[in-house]
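> Structure for this input, please:
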Amino acid sequence: MFAPNSNSGLFMGAKVNHLNINEGITEIGAESFVFLNVSGNITLPNSLEKIEYRAFGIGQGDESLSVTIPDKVNYIGEQAFWLWPRTTTINFTRTEADVKSQITFGDSWNHNAQITYED
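Numbering: from 1, shown residues only. Presented below is the predicted three-dimensional model:
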């Protein structure tokens with residue numbers, strides 16, 4: 001699990017061009033990247049299974065952002081991608097039907113993002 005100091009906003013105000021989370025990580029803890037300003041893509045590991053409450057919530061900045069949800073993810077917590085103030089695309093590499101049947105979503109997991117599914 002990756003949880004640098006949950007509920008602390010460890011990266012508050014930090015700006016990165018790309019966030020790459022290493023393989024082997026299976027869970028991203030609550031508020032791990034809350035208030036982080038990412039100006040490009042978030043790359044999640046194929047080993048990832050859970051994205052907890054506000055893991056990437058309340059993103060900062062105004063540039064577009066893209067994140068692809070790996071196939072092993074089976075849980076996306078409440079407000080996990082909440083309040084990103086930019087054009088955000090969340091990509092699933094599964095069909096919409098598979099996503100809805102295989103992933104448990106918390107309330108308001110996504111606020112403004114465009115969602116794409118594999119055809």
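
> Which parts of the protein are strands?
15-16, 19-20, 27-28, 37-38, 41-43, 50-51, 65-69, 75-76, 88-92, 104-105, 114-116 (DSSP state E).

> got those strands as a markdown table, with distance to G57, mean neighbour count and mean pLDDT columns?
All C-beta spots, glycine's among them, are computed from the backbone N, C-alpha and C. Shown next, in a markdown table, are those (distance: least, Cβ to Cβ, whole Å; neighbours: other Cβ atoms under 10 Å; pLDDT from 0 to 100):
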| stretch | distance to G57 | mean neighbour count | mean pLDDT |
| --- | --- | --- | --- |
| strand 15-16 | 16 | 14 | 83 |
| strand 19-20 | 14 | 15 | 90 |
| strand 27-28 | 11 | 22 | 95 |
| strand 37-38 | 13 | 22 | 82 |
| strand 41-43 | 13 | 17 | 89 |
| strand 50-51 | 10 | 22 | 96 |
| strand 65-69 | 13 | 19 | 89 |
| strand 75-76 | 11 | 19 | 96 |
| strand 88-92 | 12 | 18 | 89 |
| strand 104-105 | 14 | 12 | 92 |
| strand 114-116 | 17 | 13 | 88 |
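
> Would you mind putting those strands into a markdown table with distance to I58 alongside?
Formatted as a markdown table, these follow (distance: least, Cβ to Cβ, whole Å):
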| stretch | distance to I58 |
| --- | --- |
| strand 15-16 | 15 |
| strand 19-20 | 15 |
| strand 27-28 | 15 |
| strand 37-38 | 11 |
| strand 41-43 | 14 |
| strand 50-51 | 15 |
| strand 65-69 | 13 |
| strand 75-76 | 16 |
| strand 88-92 | 12 |
| strand 104-105 | 18 |
| strand 114-116 | 19 |
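
> what about the residue of the chain most remote from its centre, distance to L19?
For the chain, the residue at maximal distance from the C-alpha centroid (Cα atoms, centre = their mean) is D119, at 21.5 Å. Separation of D119 from L19 (Cβ to Cβ, to the nearest Å) stands at 27 Å.
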